[in-house]
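K.L.:
sequence and computational prediction follow.
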Amino acid sequence: MGSVVPNALPENLSGDIDSIRFATILFADIVGSTRLLRALDPEDGRDLLDSSLALIQQAIHEFGGLVVRIQGDGVMAVFGVQPAAEDHALRGALAALRIGEKMKSGSLGFLPAPQVRVGLHAGPILLRRQDSDFGSILDVVGHSAHVAGQIEKMAPPGSVAISATVASLIAEPSELRPAGSVESGGSESPEGRGEAVFELLSVDFLGSDRVTVKGNATYPVIGRDAEMEQVRRLVSGLASGQHGSLAIIGEAGMGKSRLLLEASRLAAGYGTTFAAVRGNALLAAVPFGCLGGTLRHLIDLLHPFTPDAAAAAQLSANETVCFEGLTANEAGWLAHLPPGDRSRIATGTMVRIVELAAAHMRLVLLVDDAHYLDSETLTVLAAIGRGGRIAMIVAGRPEATQRIEGMCTSLLRLDSLSQASARTLVSLINRLSPIEDSVLDHVIERAAGLPLALQEFAVMLQSGPGAEAADGADMMSAAPLPARLDSLLAARLAALDADASKLCQFCAALGPTFPLSRLQRGAALMCRNPTTSLARLIDARVIEFSGSGQARFTHQLVQEAAYRGMARRRRTAMHTNALEMLKETKAEAAARGSTGDEVASHAELATHAEKAGLYAEAMSHLWEACVEALSLAAIDSVRQLHERACIVAARLPATEAAYQRARFALLAADTLQQLSLEQVLRDDIQAVAEARVDLGPSMRTVARINMALLDWIDGAPTRGSAWLAQAERDLDAHESLPRRTYADLVAAYLAFSMGRPTEAVTRIERLGHRLADGLRGETFGAVVVIPHVLARAFGAWYLVDLGETAKARVWVAEALNLSRRYGHSYSRMLAELAHGYLHYRGGRSDRALPMLRRAYADCLHHNFLGFEPACASWLALCLIELGLLDEASSVVSQSVGRGNFRKVRTSATYYLHEARARLALAMGDAREASQLATLALNHARDCEDVVHELHARALCAEVRVRGGVSVNAAEEVDIQALHSRVSELGLVVLQQRLKTLQP
């Protein structure tokens with residue numbers, strides 16, 4: 001192989017350097033060049049090689065390709081970069097076929113002519129500037145280029161091989177022959193299966209006698225009932241002599257071509273003939289370039305009625321020359337006449353032929369991609385429409401609105417599909433392999449109602465990990481855009497000039513939606529002429545205004561394409577710019593004492609800092625965001641912020657990372673308990689408790705109390721007691737009211753579980769005395785529950801079990817009053833739960849039911865998942881007592897389905913097992929009740945829960961007495977001995993239950 005020939009950097013491409021583009025890559029290689037050169041004189045060999053390479057380059061340039069590299073006897077080129085074109089795959093395919101034609105034409109003057117292998121693949125590539133001794137050149141980097149090289153090697157000598165991705169992007173009819181597969185690693189080929197490769201034999205471009213409608217009918221039309229009715233009325237109206245015309249306007253991917261395809265089907269059903277005209281970017285500058293195929297089709301339709309359409313239409317001499325030139329796809333007809341005269345003659349020719357066809361048949365003309373039609377062709381179509389002899393439907397993108405709405409009697413604008421229609425469409429596509437609701441939600445959110453996006457994402461899921469909801473959702477979030485979408489959006493963005501492109505990228509870093517003030521500041525920061533750049537983004541339908549001082553991308557996939565199109569260094573720079581701008585805005589607003597949408601939150605600043613690589617600053621903003629979220633009891637936000645903090649911390653040095661994770665864990669501990677995710681914090685909190693991470697003595701004490709709580713939740717109260725003993729020694733040395741309150745709470749939990757219920761109540765009484773009236777509503781920092789409410793709620797449960805219902809009523813009243821006074825949702829849920837439990841245990845289930853229903857509803861509404869098993873269990877037990885077994889069964893089965901009981905190894909899980917056992921007993925399934933009672937007993941034993949092991953033994957005895965089935969895990973229960981042990985602990989609730997089981 002020879003040395004690399006430098007490719008000069010195009011001046012108008014400078015703004016696109018170091019960007020990621022979706023393009024078609026072509027590799028061409030002269031077959032057997034070494035053997036040929038060996039047989040020739042060195043100078044003759046040089047001439048042959050240079051001539052061959054020149055022919056290859058000429059064919060590439062004819063279709064707008066850019067030669068990137070010439071190395072020895074091989075050429076690498078890229079299509080869709082300059083010019084930016086969404087039909088880059090078609091351009092590459094036509095160039096590849098043209099290479100073969102040129103080599104076979106004999107123009108080299110050497111026989112036999114060398115053969116060339118050509119390979120094509122489409123995918124994301126990185127454009128970069130490469131400096132060498134030859135100067136600055138354009139280079140293409142990426143796996144897609146490697147795949148194109150592999151495909152070229154698969155092509156037989158003298159032929160063209162293309163990937164399935166390229167084939168899918170070519171709308172024109174193509175003749176293909178299977179040629180194997182290649183491992184592409186792209187989104188279009190499922191892992192392990194590779195991507196199909198085909199030998200490209202031909203592309204029917206301009207040569208067909210019938211222009212096809214390109215819509216895809218693989219999937220049903222959903223959510224377009226009103227639009228379909230308009231199309232149906234127009235097509236059916238021909239039968240009664242009505243000749244209307246309809247303009248369909250919509251962005252790429254909205255389904256314009258599909259409506260035209262449905263129109264062709266309707267025409268067939270009504271006995272109506274259709275002819276099609278399709279715009280093409282390659283022919284946009286060619287006068288009447290898209291009419292040749294349509295004209296040939298009309299001649300073919302007229303042949304049964306008249307063998308000579310030109311004579312029958314009574315064409316003039318000039319019109320006959322025009323007619324022959326158009327049908328032969330020749331551009332030089334009547335070249336001696338002025339352009340205006342040629343346009344007038346072509347218009348008259350086409351109108352006469354169409355009117356002749358309309359005289360013999362009902363005819364509807366379907367015009368697609370009108371935005372690519374040249375002005376001369378549009379003039380012809382307007383004249384045909386004015387003739388009123390046929391029906392006509394013209395479809396195009398918004399930029400063609402002014403040009404086509406005037407030629408039609410009615411206008412139809414296609415908007416995004418509704419969420420309901422989008423869900424129906426995706427579900428129908430995946431009806432044979434249904435996807436999880438969470439994954440479906442991701443698809444609908446990402447596609448935002450764009451029909452093409454919905455179809456492409458739905459198909460992507462069929463070959464992806466859709467079996468697991470989490471995996472499928474992750475795939476949808478991380479997967480690149482499908483090739484057809486990427487090609488459409490990349491072309492729109494690549495057509496922007498350098499200034500507008502920078503502003504677009506800056507906006508992409510801000511997100512899909514942002515305040516107008518940020519857009520204006522960003523334009524001033526990024527552009528030499530902010531007003532012009534902003535206008536270009538609006539004219540290109542990249543940015544639009546949504547009212548209320550907001551700006552947004554016209555579709556979130558446009559924002560995604562713009563963001564993913566930036567190379568890593570460019571993204572970092574854009575996030576750095578955004579961060580500095582938002583910090584400046586925040587400081588100005590603080591100085592004025594104002595707030596509003598233009599003021600960025602700490603969470604937003606953290607995102608930009610993280611993506612700018614400023615991880616220490618990101619952690620600082622995340623901390624402030626977490627504190628704010630805690631103060632608002634925004635539980636889900638705290639969880640998400642904690643997860644983000646752990647991800648960012650991983651990018652810091654090990655010691656600093658451990659420190660940051662630990663402080664965030666302590667801050668988030670109270671909140672994550674409500675989500676039953678406590679154990680995710682364990683390692684970080686334990687590092688503080690053991691002084692491996694030093695946050696000071698106060699935080700070390702808090703961490704030790706946290707560890708005691710975590711062990712209680714994890715069903716290890718003995719281990720938790722050891723941690724609590726260390727914390728209480730710390731408190732004896734350095735007293736603190738908040739930390740002592742927290743320690744008393746945890747001590748009460750541990751004491752009750754370990755069979756010391758009186759000690760548990762004493763701890764709570766001591767806590768209540770310590771919190772005088774003025775402190776009873778105190779939260780001791782940013783937490784989501786009032787400690788006094790928490791203590792009184794748990795204390796009321798303990799008192800009820802001990803039979804001290806009078807004091808329990810007082811404590812419940814305190815909890816209810818405090819929670820209502822301070823408006824704490826979590827505190828209110830606890831108080832309602834305690835109130836309902838008090839009435840349920842008192843035999844007043846009818847009064848308990850509404851309270852327990854409210855607590856359960858609040859628990860689910862606010863995601864207080866740590867208490868979900870307890871809320872569900874006590875509600876179910878109450879429903880069983882009232883004989884509402886269907887509702888009880890629903891509550892229990894939903895709770896089991898959520899699975900939160902698996903994360904909370906406390907009495908809450910025991911009660912869920914008890915509720916299931918009692919439900920089975922009430923429904924007459926004693927064997928099932930026996931198995932569930934076994935689960936309850938084993939759970940209490942495993943968790944060292946002395947009190948609820950006694951509850952479980954009583955349950956086993958009840959199953960045996962009332963169901964007549966023994967519980968395998970329980971020894972033969974001596975009810976008298978059990979009664980004695982229950983009395984010893986003072987558990988009045990169990991004493992009363994055991995009395996009902998004695999003969």
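P.N.:
Good, I have the coordinates.
K.L.:
residues in contact with stretch 615-632?
P.N.:
579, 601-603, 605-607, 609-610, 637-638, 641-642, 644-645, 648-649, 651-652, 656, 660, 663-664, 667-668, 670-671, 782-784 (Cβ atoms under 8 Å, 6 or more residues apart in numbering). Where C-beta positions appear, they are placed from N, C-alpha and C, glycine not excepted.
K.L.:
would you list the phi and psi of F864?
P.N.:
phi -80, psi 70 (degrees, to the nearest 10).
K.L.:
M829 is in contact with that one, correct?
P.N.:
Yes - between F864 and M829 there is a contact under Cβ atoms under 8 Å: 5.9 Å.
K.L.:
look at the two and report which has more neighbours.
P.N.:
Between F864 and M829, M829 has the larger neighbour count (other Cβ atoms under 10 Å), namely 26 against 23.
K.L.:
got the contact list for that one?
P.N.:
For M829, the contact set (Cβ under 8 Å, 6+ apart) comprises A855, D858, C859, H862, F864, F867, C871.
K.L.:
isn't the second one right up against A831?
P.N.:
No - D858 is beyond contact range of A831, at 10.4 Å (criterion: Cβ under 8 Å).
K.L.:
any shared contact partners between F864 and M829?
P.N.:
Listed as contacting both F864 and M829 by Cβ under 8 Å, 6+ apart are D858.
K.L.:
helix, strand, or coil at S698?
P.N.:
helix (DSSP: H, G, I helix; E, B strand; the rest coil).
K.L.:
the contacts of stretch 615-632 in helices, which ones?
P.N.:
Using DSSP state H, 579, 602-603, 605-607, 609-610, 637-638, 641-642, 644-645, 648-649, 656, 660, 663-664, 667-668, 670-671 are the members of the contacts of stretch 615-632 that sit in helices.
K.L.:
quick check: buried residues in the lengthiest strand in the chain?
P.N.:
As assigned by DSSP state E, the longest strand anywhere in the chain is strand 116-132. Within strand 116-132, the residues that count as buried by 16 or more other Cβ atoms under 10 Å are 116-127, 130.
K.L.:
and that strand, which strands flank it?
P.N.:
Strand pairing for strand 116-132, determined by DSSP bridges: strand 19-30 (antiparallel), strand 135-141 (antiparallel), strand 160-163 (parallel).
K.L.:
where do the helices sit along the stretch 451-600 of the chain?
P.N.:
Counting by DSSP state H, counting those that start in this stretch, the stretch 451-600 of the chain has helices at residues 451-462, 469-478, 483-494, 498-510, 516-526, 530-539, 556-564, 568-592.
K.L.:
where are the low-confidence patches of the stretch 701-850 of the chain?
P.N.:
Of all residues in the stretch 701-850 of the chain, those with pLDDT under 70 make up the ranges 773, 780-784.
K.L.:
quick one, helices of it?
P.N.:
Using DSSP H, counting those that start in this stretch, helices in the stretch 701-850 of the chain cover 717-733, 737-753, 757-770, 787-802, 805-822, 825-841, 845-861.
K.L.:
rewinding a little: for the contacts of M829, which one is nearest L66?
P.N.:
Set against L66, the nearest of those by Cβ to Cβ is H862 (57.2 Å).
K.L.:
contacting residues around the closest residue to the closest one other than its chain neighbours?
P.N.:
Spatial nearest neighbour of H862, chain neighbours left out: S825 (5.2 Å); criterion: Cβ to Cβ, 6 or more residues apart in numbering. Neighbour list for S825: A633, D858, H862 [criterion: Cβ under 8 Å, 6+ apart].
K.L.:
okay, the helices of the stretch 701-850 of the chain in JSON lines with distance to L710 next?
P.N.:
Formatted as JSON lines, the helices of the stretch 701-850 of the chain follow (distance: least, Cβ to Cβ, whole Å):
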{"stretch": "helix 717-733", "distance to L710": "7"}
{"stretch": "helix 737-753", "distance to L710": "10"}
{"stretch": "helix 757-770", "distance to L710": "19"}
{"stretch": "helix 787-802", "distance to L710": "16"}
{"stretch": "helix 805-822", "distance to L710": "24"}
{"stretch": "helix 825-841", "distance to L710": "19"}
{"stretch": "helix 845-861", "distance to L710": "21"}
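K.L.:
which one of those lies nearest to E227?
P.N.:
Taking the helices of the stretch 701-850 of the chain one by one with Cβ to Cβ, helix 845-861 is closest: 38.9 Å.
K.L.:
re the thing from before, the helices of the stretch 451-600 of the chain into CSV, with extra columns for mean pLDDT?
P.N.:
Conversion of those to CSV gives the following (pLDDT from 0 to 100):
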stretch, mean pLDDT
helix 451-462, 87
helix 469-478, 54
helix 483-494, 86
helix 498-510, 94
helix 516-526, 93
helix 530-539, 94
helix 556-564, 92
helix 568-592, 92
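K.L.:
ok, which of the ones you listed comes nearest P173?
P.N.:
helix 483-494 (17.2 Å).
K.L.:
which residues touch that closest one?
P.N.:
With Cβ under 8 Å, 6+ apart as the test, helix 483-494 has contacts from 16, 21-23, 80-81, 84-86, 88-89, 122-124, 165, 168-169, 187-188, 252-253, 452-453, 456, 480-481, 501, 504, 540-542, 557-558, 561-562, 565.
K.L.:
of those, keep whichever come out buried.
P.N.:
The buried subset of the contacts of helix 483-494 - by 16+ other Cβ under 10 Å - is 16, 21-23, 80-81, 84-86, 88-89, 122-124, 165, 169, 187-188, 252-253, 452-453, 456, 480-481, 501, 504, 540-542, 557-558, 561-562, 565.
K.L.:
which of the strands paired with strand 116-132 sits most buried?
P.N.:
strand 160-163 (a mean of 30; mean count of other Cβ atoms under 10 Å).
K.L.:
beyond that strand, next helix or strand please.
P.N.:
helix 164-169 (DSSP states H and E).
K.L.:
who touches that next one?
P.N.:
24, 87-90, 92-93, 120-123, 174, 176, 184, 186, 188-189, 195-198, 200, 483-484, 487.
K.L.:
partners of the helix or strand just after that helix in the sheet?
P.N.:
Following helix 164-169 in sequence order, the next helix or strand is strand 174-182 (DSSP H and E). Paired neighbours of strand 174-182 in the sheet (DSSP bridges): strand 195-203 (antiparallel).
K.L.:
what does the partner strand contact?
P.N.:
With contacts defined as Cβ under 8 Å, 6+ apart, strand 195-203 is touched by 90, 93-94, 96-97, 120, 147, 151, 154-156, 159-165, 167, 170, 172-184, 186, 188-189.
K.L.:
make a PyMOL selection of the buried ones in those residues.
P.N.:
Typed into PyMOL, the line below selects the buried ones among the contacts of strand 195-203, using 16+ other Cβ under 10 Å:
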select buried, resi 90+93+94+96+97+120+147+151+154+155+159+160+161+162+163+164+165+167+170+172+174+176+179+182+184+186+188+189
